[in-house]
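> Just need the structure, nothing else, for what follows:
(2 chains)
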2 protein chains.
Amino acid sequence: MGDKIYRVDMNTLSYSIEDVPSDWLGLGGRGLTSTIIAKEVDPECHPLGPNNKMVFAPGLLSGTSAANSGRNSLGAKSPLTGGIKESNVGGTSAGIFSKLGVKALIIEGIPQDESKFYQLHVTKEKVEFIEVPELVGKDNYEVLDTMLEKYDKKVAVMSIGRPGENCMLTANVSVKDPQGKLRSHGRGGLGAVMGSKKIKCITVDAEKYKEVTIADPEKFKAASKIFTQALQKNPISGEGLPAYGTNVLVNIINEAGGLPTRNFRAGKYEFAENICGETMAEIINSRDGKTTHACHAGCVIQCSQVYNDKENNYLTSGFEYEMIWAFGANLGIKDLDQIAKIDALMDDLGLDAIETGVALGLAVDAGILEYGDGEKAYSLIADDLANATPLGRIIGSGTEILGKIYGLVRVPTVKGQAIPAYEPRAIKGQGVTYVTSPMGADHTAGYAVATNILNSGGFVDPLKKDGQVELSRNLQIATAAVDSTGMCIFVAFPALDEPECLPALIDMINARFGINLTGDDVTNLGKSILKLEKEFNDKAGLTKADDRIPEFMKYEKLPPHNTIWDFTNEEIDAFWDF
Amino acid sequence: MGDKIYRVDMNTLSYSIEDVPSDWLGLGGRGLTSTIIAKEVDPECHPLGPNNKMVFAPGLLSGTSAANSGRNSLGAKSPLTGGIKESNVGGTSAGIFSKLGVKALIIEGIPQDESKFYQLHVTKEKVEFIEVPELVGKDNYEVLDTMLEKYDKKVAVMSIGRPGENCMLTANVSVKDPQGKLRSHGRGGLGAVMGSKKIKCITVDAEKYKEVTIADPEKFKAASKIFTQALQKNPISGEGLPAYGTNVLVNIINEAGGLPTRNFRAGKYEFAENICGETMAEIINSRDGKTTHACHAGCVIQCSQVYNDKENNYLTSGFEYEMIWAFGANLGIKDLDQIAKIDALMDDLGLDAIETGVALGLAVDAGILEYGDGEKAYSLIADDLANATPLGRIIGSGTEILGKIYGLVRVPTVKGQAIPAYEPRAIKGQGVTYVTSPMGADHTAGYAVATNILNSGGFVDPLKKDGQVELSRNLQIATAAVDSTGMCIFVAFPALDEPECLPALIDMINARFGINLTGDDVTNLGKSILKLEKEFNDKAGLTKADDRIPEFMKYEKLPPHNTIWDFTNEEIDAFWDF
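Numbering: from 1, shown residues only, chains lettered A, B, ... in the order given. Have a look, this model is predicted:
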C-alpha cells in the first residue's frame, strides 16, 4: 500500500513524507496514535510545550465502504489528564486521510515566533504552512466557511475556536461533517495542544484522493453486507438510536436512577421528561427538523439529528445525550431549546460539552450561577469563556481546576477529567471504566452501561460490585481494538449481541489488507493498546491513586438507591491483572 | 512527663485529651507531625475534605531556654502539592504549647454546618469551641487584636485571613510573635486546610503554663551555653544575618548569578542594589527602625527587623529575603517601600509570600500585569485576591494552577509548589532539594546554598552537577532531624562549621528528656522522617515524575552563566538510595 506518514515540524515550519515503519503497518486509529505517542513523546514533557506531539490517524477501515467506519483518532499527551489521550470523531477527515494515503499525520514542535497562527494544508504531495492572521480570534464556523470558499467543498477541515487559541483545557478540535456542520475530538483538552502549536486549522485536500485499495473485494463485500445487516437488526443500533438519537438514554438512565443530577447529588432528574429523546423527537418533527442524520459517510445508525428553532430555522445538530445531560440534569436546565442554543454556541467555539457542562455544574457550588439559569450559563460561555475574561478562564479550565480554585471537595473528575452522564454509584460497571481507563473518566472507553442497563451482552446488576471489574475490562479491551478500526462505538451493541457481527468486522479488516487476523488477535491488540497506554501514564507520573473515584462518592449516598461507591482499592487495582 | 495529645473533632465539636503513645514520646516538631499524618490520614483523601487532619507540634526543645528553639510545626496533607506537608514557624506558639504540656494538637473533621467559623481556645484542661461570626471576613490583625483584648497578652494566636477562609492555595496560617506581629506557617496552602475545617483562629492559654521540666538541668545549661556561643561565633549566624537579616542574600545570590529574575528568565537583577540587605539596613537606620528583631523568644540570631515608612512609622517586620526577591527581582519591582507595603498587606491577609509572588511573576506572562508595576501588584492582592474576585481567585490559587488556567509552559513549580529565590540552573544543589524534597520546591528542606554559595560545610561548585545529590541528601536528612527539635533552620550554619555545635544540640535534647541519643540516632531520625514522608507521597500518587524540575529549565539557558538543568532522571532518582 502506498500509505505514508506525514510529519510536520512547527518549530522549523517544515515537513517530511515518510514510509510507514513495518511495525505500524497493521495499526490504525487509536492503536496507531497511542503507539506513536508512546514511542515518540517523553511522558514527562509539558503537554503544551515543544516536546508534545499531536497524531491524527484514521481507522483501519476508514475510507472503505464499511458501515460506520468513518472515525478519525487524535492522540497526544493530554493537558487535562496529564496522561496519554486518544479522542476519536466522525466527520469527513478519516475517509479523506485514508483515501489520500495518509496513514498518520504527526505534528511536532512549536513555532519560534509565537505571535502567529497557521493553517496547515495537507495534499498528496506536500504540506503547506499558511499564515492566517485574518482567522485569529475567530471561531469554527468562520474558519470552516473560509476554507470552503477556498477549496473544493469536500475538503476536510479540522479547527479550533478561541478557547483552543487560548489553550483552555475545555477546548476541543472540531471537524467538518458531511453536511458542513461540526463534530468534535471532544475530550482531554486537545484543542489546547493544537493552540499551543499555533495551528488554527488543518485542511486535507479531497480533490486528488482515490478510493482505498481492497486486497480481496469480494470477501470484503460479503462481510460488509453481514456487518451492515447486524447493525440494522440489533434493537439498539437498528431502532433505538435511529429513532431518538443518543438522547434515547435520558429516560432510560433516569429510570435506572443513574442520571447525575445537580452536580452528582442525585440519580433522578424531575424534569427528565422535558429533555428526553422522545420529547426531542416530537419537537424535531413538529419543526421540520431531522431525527436521523449521519455524522460521517456510510453510517447506517444515524443517531444524530437536525434540531430547528421555533421558527423552523436550523439551530443545531449533533445534539447528543451527553450535552443534553450536562446542561440539563446536571445544571438543572429544563428547556431543550435553551440547551440547543448553548450546543450551537459550543460547536462554534469548540468546547468539550462534558467538561464545560460539568464545570458549570460545579460552578453552582462556587456561587457563580444558580441551577436552571440557562441564560447565565449561555452568557458565561459566550461572553466570559469565549473572551477569556478571568471568570471565563476559570470555567474554561474545566472541572478539576475550577474545584481547586474555589476549594471545593465535591469535584466529579477522574484523572482530572469530568465524569460523564452515568453515575458511578448507580451504574458501577461504568464507574469502573471511569477510574481505570487510561483516558480518565470516559464513558466510551468501556461502555458498561450496555450490560448494566441495556441488557446488551447479558446483564450485570448495576447497583452491585459483582462482576463489574471483569465486565469493564472486557469492554475496554474490545473498545481499544474497535477504536483502531475506525468504527463508531455503537457497533458495540451488535458486536455484543449478534454472533455474526464481530467475525464480519474481522473479515472486512482481513479482506482490506489481505491478512488473516483471528478473534484472538483482535483481543490481543486491544490488550496491548491498553497496556501501552497504561505504561505511558505510569511514566508520566500517574499511579494507582489516580485510578480512584472522587472521595465524596465513597461516603455520600446517592438517591434514589442510596448507594455509595464501595469498591476497595484492591478490587479496582485488580483491573490490570491481565 | 505530663505531656498530652489534644485531639479535636470539628465534625462533632468535641475533643479529647489523650496520653502520648509510647512510640511518639521521643518525637517533636516535624518528626511528630509527619508521623501522625502518615499514621492517621488516608494519603488518597481530598486535602480539603473531612478526612484530612491538621497537626500542630512544638519541637523537642521548644519551651526551654535553648537558643533558637521556638519553632512550631504544622502538618497536613497539602492541597497545593497533594503530598505530606510540614511547615514550621517562629512566634510564640511553640513555647506556649510546650509549657502547657501540649505535645500535639490534632484537628480532624469538618463541621456539619458549613456556614459558621470557630475559634478554638485551648487551655490545660479543655478545648472550647467558640463561634466567631464577628470575625468572618476579617484578616489577621483584627483577629489578633480581638484575642489580645479577650485574653492575657501572652496568649498564643494562630489565625487565617480571608484567603484562608476562601480555601485559597496561597493561604498560610499566621502566628503571633513576641511583639504582637505575625509569622507564618507559610507554605503548602495550610491556611486553606484550616479554612476547610472552619477554624478562624486557635488561641492557646498562656496564663497557666509552667516551665518545661528538664531531666538534667546542669547538663542542659552547660550544653546550651556551648550551643549559643557556636551560634554567635559563626560568621553567618553571628554576623551576616544579624546585620542585614535574611536579605543579606540579595547581593550574594545576585553576584552568583542565581537570583531568579523576571519569572526565572535570568540569574541577575539589574536593580539588586535597590533592594539588597545593605540598602535595607541603611533605610531602616535612617528611619528609626530596627535591624535586629527576634521572631521568637530566645533567638540569638535576630534576623528579622522592624521596617518603618518615610514618616518613621511602623510599616512591616519579618521582611524576609524570599519576600523581597519574590516581588523584587522576580516581579521587577525596585522600590523597597513598595515591597514592604505589600509585605504588610500579605501578613494581614495571611498569604505565602513565595507562592503569591511567583504566581504574580507568572501572571505577567499571562498578560495580567507588567513587570515593575508595584501598584498593580498591590491592588491585585488587596482588591482582587482579598475579595476573591475571579481574577483574585486565580492568583490566590498559586503558580501551578495559574499556569494551567493560562496555558503557560514556563511554570516554575515542583510538585505544584512555587520555586523559591535560588535558581536551580545556577545553584544546582538547591535544585536537587527542590525536586527531591517530599515538601515540593522548598528552600529550607535542604539548604544547599550553604555549601554551593556560602562556603559553609565546605564548597560544592554550584554550576556543576558533581556532588550535589549527596550534598542535598545529607542536608535534607539533617534538616528533617533539626525540624524536629524546634530549632530554626539557621542553626545549620554553625552546625556545619563549628564542630562543637551539633554535639551540644544533642546534649540539650538528652538533658531535657534524660535520654542518650547519639549523632547516629539523630541521622537515623532524619532518614526515617524523610522515608516516612516519601512513603506517604507515594501512596498519595506522587512518583518519580514529580521529582522533576520544570521542563523549560532543561532546554532554556539561564544568563549569565548560560547553564541548563542537566541532571538525568537516574541521577535524581538516586537521591533516594539510602
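> Tell me what residue A:5 is bridged to.
Legend: beta-bridge partners of residue A:5 under DSSP bridges are residue A:18, residue A:104.
> So in chain A, where's the weakest helix or strand by average pLDDT?
For chain A, counting by mean pLDDT, DSSP states H and E, helix A:241-244 ranks last in confidence among helices and strands (a mean of 90).
> could you point out which element follows that helix?
Later in the chain than helix A:241-244, the nearest helix or strand by DSSP states H and E is helix A:249-255.
> hang on, the earlier thing: which residues touch the least confident helix or strand of chain A?
For helix A:241-244, contacts defined as CB atoms under 8 Å, 6 or more residues apart in numbering or on different chains pick out A:248, A:277, A:278, A:280, A:281, A:291, A:292, A:301, A:302, A:303, A:490. Just so you know, the C-beta spots here come from the backbone N, C-alpha and C atoms, and that holds for glycine as well.
> Please identify which of those residues is nearest to residue A:109.
residue A:490 (36.6 Å; CB to CB).
> Name all residues that make contact with that closest one.
Residue A:490 is in contact with A:68, A:236, A:237, A:241, A:301, A:303, counting by CB under 8 Å, 6+ apart.
> ok, the first one touching residue A:298?
Yes: between residue A:68 and residue A:298 a contact is recorded at 6.5 Å, counting by CB atoms under 8 Å.
> neighbour count winner among these two?
Applying other CB atoms under 10 Å in any protein chain shown to residue A:68 and residue A:298 shows that residue A:68 carries more neighbours, namely 27 against 21.
> Please see if the helix ranked longest in chain A touches chain B.
Using DSSP state H, we find that the single longest helix of chain A is helix A:519-540. Yes: Helix A:519-540 reaches chain B (CB under 8 Å from any CB of the partner chain) through A:538, A:539, A:540.
> Contacts for that helix, please.
With contacts defined as CB under 8 Å, 6+ apart, helix A:519-540 is touched by A:30-31, A:34-35, A:37-38, A:41, A:43-44, A:77, A:82-84, A:86, A:438-439, A:476-484, A:502-503, A:506, A:546, A:576, A:578, B:543, B:545.
> One more pass at 6 Å, please.
Residues outside helix A:519-540 that contact it (CB atoms under 6 Å, 6 or more residues apart in numbering or on different chains) are A:31, A:34, A:38, A:43, A:82-84, A:438, A:477-478, A:480-481, B:545.
> Those: which two are farthest apart?
The most widely separated members of those are A:478 and B:545, with 30.1 Å between them, by CB to CB.
> Identify the structural domains in chain A and state their residue ranges.
Domains of chain A are assigned by automatic domain parsing as A:4-204, A:259-421.
> right, and residue A:42 touches residue A:51 too?
Yes: Residue A:42 is within contact range of residue A:51, at 5.4 Å (criterion: CB atoms under 6 Å).
> neighbour count winner among these two?
Taking neighbours as other CB under 10 Å, residue A:42 and residue A:51 compare with residue A:51 leading, 19 against 15.
> what helix or strand is the most far-flung residue of chain A relative to its centre on?
Of all residues in chain A, residue A:218 has its C-alpha farthest from the mean position, at 33.1 Å, by CA atoms, centre = their mean. Assessed by DSSP H and E, residue A:218 sits inside helix A:217-233.
> which secondary structure elements does that helix contact?
helix A:501-513 (3 or more CB pairs under 6 Å, 6 or more residues apart in numbering or on different chains; DSSP states H and E).
> for the helix it packs on, which positions count as buried?
A:501, A:502, A:504, A:505, A:506, A:507, A:508, A:509, A:510, A:511, A:512, A:513 (16 or more other CB atoms under 10 Å in any protein chain shown).
> Repeat that for stretch A:139-147.
A:139, A:140, A:141, A:143, A:144, A:146, A:147.
> Next, check the contacts of helix A:241-244 against the helices and list the overlap.
Per DSSP H, the subset of these in helices is A:277, A:278, A:280, A:281.
> Could you export the residues you listed as TSV, including pLDDT and neighbour count?
Shown next, in TSV, are the ones in helices among the contacts of helix A:241-244 (pLDDT from 0 to 100; neighbours: other CB atoms under 10 Å in any protein chain shown):
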residue	pLDDT	neighbour count
A:277	95	24
A:278	95	14
A:280	96	26
A:281	94	19
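> State the phi and psi torsions of the residue of the stretch 401-550 of chain A found nearest chain B.
Of all residues in the stretch 401-550 of chain A, residue A:407 sits closest to chain B, with a separation of 2.4 Å (CB to the nearest CB). Torsion angles at residue A:407 (phi, psi; degrees, to the nearest 10) stand at phi 60, psi 40.
> pLDDT score assigned to the spatially closest residue to it that is not a sequence neighbour?
Counting by CB to CB, 6 or more residues apart in numbering or on different chains, residue A:407 lies nearest to residue B:167, which is 2.4 Å off, once chain neighbours are set aside. Predicted confidence (pLDDT) for residue B:167: 98.
> ok, residue B:167 - contacts?
For residue B:167, the residues meeting the contact criterion (CB under 6 Å, 6+ apart) are A:407, B:48, B:192, B:195, B:196.
> which of these sit farthest apart?
Once CB to CB is applied, those give B:48 and B:195 as the farthest pair, at 8.1 Å.
> which SS state does residue A:326 fall under?
Secondary structure, DSSP: H, G, I helix; E, B strand; the rest coil: residue A:326 is helix.
> Ok, residue A:184 next?
At residue A:184 the chain is in strand, as set by three-state DSSP.
> Equivalent analysis for residue A:76, please.
Three-state assignment for residue A:76 (three-state DSSP): strand.
> what's the neighbour count on it?
Residue A:76: 29 surrounding residues under other CB under 10 Å.
> Kindly report the same for the one 3 residues further on.
Per other CB under 10 Å, the neighbour tally for residue A:79 reads 29.
> give me phi/psi at it?
Residue A:79 adopts backbone torsions of phi -70, psi -10, taken as degrees, to the nearest 10.
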